[in-house]
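>>> Following is a predicted model, sequence given first.
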Amino acid sequence: MNRRIYTLAGFLALAVLLAGQVRAEPVNFTLKGIDGKTYRLSDYRGKWVVVNYWATWCPPCRFELPELEIFYNNHKDKDAVVIGVSMENSSDKQLKDFVEEQFLSYPIVRTKPAPRTELGTVPGLPTSYIVSPKGEVVARQVGPVTADALEKYIARKRAEVKEK
């Protein structure tokens, strides 16, 4: 039952765009991954990017991790990626161990906890931003997302672009 409520809430919240949070210009960030690599949002131009701000101590964040992994695996070699942004003060080892326990394969980067990021505000965790292939923030979701909701949202945005 909880999963159904989270799924419905996630889909409804994802469908609501917050006009003050959506930007029309390309955005960028550069963050260090737990794998030691440097990740730049601009490196993913041409693909949809789901940027998910989360923490290991956050139950709704933990709930959505498998959904993000499904979405990532369905799209990583094609048209979309997920970047997980850990917003907590844990050690690298603690975070790496958690990521391995959860079988996460998408890039995990770190940033200090803050209410504002390069993409916009993070009023609570989890918060996800969807960035278009042009590098523009097109949506923000506060609360868990599902792979299905992400699929439907991106399909709708693609259809809108084709109509223009």
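In hand now; what should we look at? Numbering: from 1, shown residues only.

>>> quick one: contacts for the closest residue to residue 44 other than its chain neighbours?
Spatial nearest neighbour of residue 44, chain neighbours left out: residue 81 (5.7 Å); criterion: CB to CB, 6 or more residues apart in numbering. No exception for glycine: its C-beta is placed from N, CA and C like everyone else's. Residue 81 is in contact with 44, 47-50, 72, 75, 106-107, counting by CB atoms under 8 Å, 6 or more residues apart in numbering.

>>> same for the strand or helix carrying residue 74, what does it pack against?
Using DSSP states H and E, residue 74 sits within helix 59-75. Judged by 3 or more CB pairs under 8 Å, 6 or more residues apart in numbering; DSSP states H and E, helix 59-75 is in contact with helix 2-15, strand 48-54, strand 80-86, helix 147-163.

>>> If you count neighbours, what's buried in stretch 141-160?
Buried residues in stretch 141-160, counted by 16 or more other CB atoms under 10 Å: 141-147, 149-150, 153-154, 157.

>>> next one: that stretch to chain centre, how far?
When distances are taken as CA atoms, centre = their mean, to the nearest Å, stretch 141-160 is centred 11 Å away from the chain's centroid.
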